[in-house]
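Undergrad: Requesting a structural model of the entry that follows:
(one chain, ligands or ions: 1)
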Amino acid sequence: MTRPQHEDLGDVEAQRRAADAEAAAHVHGDEPALSGAQEGHGPAQEPPELTAAERRAAEVLFGERLPLAERYVEHLCGTGIEHGLLGPREVPRMWSRHVLNCAVLGPELPAGGTVADVGSGAGLPGIALALARPDVGFQLIEPMERRVQWMDAVVKDLGLDNVELIRARAEEVTDEVMADVVTARAVSALKKLIPLTVPLLADDGELLLLKGRSVDQEITAARKLFSKHRLGRPVVEQLGEGLLEETTTVLRCPRR
Ligand SMILES: C[S@@+](CC[C@H](N)C(=O)[O-])C[C@H]1O[C@@H](n2cnc3c(N)ncnc32)[C@H](O)[C@@H]1O
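TA: Now for the predicted structure:
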């Protein structure tokens, strides 16, 4: 289901470019940016072959839904690149850096719970997690129309009935979204991300934010916001050790 919040998103494109640039730096430090905004559109490409190690991880994380995850990667490398949702340089690392790196959050989600993913972009981590955890309901919140349209087509093609797409900024849906877990990847630094995500969290909910190498500096810069927003002590975890080539840094923070 797609719910348009409004037709005119005004300066969202400019904001997205700024958020993309800032966010990419926060996810992968000084490594290449994630989005098409920095790298440009490119022709559709064939998905990369899974290495043996990636296949083992994908089997653990997606189980019998691995063929659907493979189809998602086809979409990402095909129309995802064509439409500039991710840059062409991401294709060789689509599994390792993007899909597996996000899906590793799957086992952390509460059984039968709800997740709001803020700034899903091309469905990362929202669609990857919805594939890994069919028992969990996902609301993917994304203001950019073309990104929502792309995700809508992909969600329909994959037959994901546990995903609702919401075309809006997170701050516009605080009255209608209340999730057990709020996720976000590459949306902005913690100082801006906390006020965006906490209002979507249930009283006993938890933030699970995918972060990069600068997470400790971000925590320091945002230290006053944890008590202001009734959050507990933030904990930084590395997920996927022994499973993924590159572990995923997650900032976990419960509501108190
Ligand atoms: C760098 S992209 C990251 C996309 C995806 N999460 C990923 O990791 O590939 C940042 C995304 O956040 C979205 N965004 C920016 N501000 C937002 C807000 N206030 N609420 C919801 N989404 C927002 C942008 O439209 C964009 O799709």
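
Undergrad: CA atoms for contacts and neighbours, from now on please.
TA: Will do.

Undergrad: Please, where are all the helices along the stretch 101-250 of the chain?
TA: Taking DSSP state H, counting those that start in this stretch as the test, the helices found in the stretch 101-250 of the chain are 126-132, 145-158, 190-197, 215-221, 223-228.

Undergrad: Which positions within the second one qualify as buried?
TA: Burial within helix 145-158, assessed by neighbour count using 16 or more other C-alpha atoms under 10 Å, is assigned to 145-148, 150-152, 154-155, 158.

Undergrad: Check which helices and strands it sits against.
TA: Counting contacts by 3 or more C-alpha pairs under 8 Å, 6 or more residues apart in numbering; DSSP states H and E, helix 145-158 packs against helix 66-75, strand 163-167.

Undergrad: does the ligand sit close to the first one?
TA: Spelled out, it's helix 66-75. No: using C-alpha under 6 Å from any ligand atom, helix 66-75 never reaches the ligand; the gap is at least 12.9 Å.

Undergrad: Now do that helix: distance to the chain's middle.
TA: Centre-to-centre, helix 66-75 and its host chain are 16 Å apart (C-alpha atoms, centre = their mean, to the nearest Å).

Undergrad: switch to numbering from 6
TA: In the new numbering, first residue 6, that becomes helix 71-80.

Undergrad: near the ligand at all, the helix or strand following it?
TA: Once the chain leaves helix 71-80, the next helix or strand it forms, by DSSP states H and E, is helix 86-87. No: Helix 86-87 lies apart from the ligand when judged by C-alpha under 6 Å from any ligand atom; the minimum separation is 12.0 Å.

Undergrad: So Pro259 lies in a helix, does it not?
TA: No: if the criterion is DSSP: H, G, I helix; E, B strand; the rest coil, then Pro259 is strand and not within a helix.

Undergrad: what number of residues lie near it?
TA: Using other C-alpha atoms under 10 Å, the number of residues around Pro259 comes to 20.
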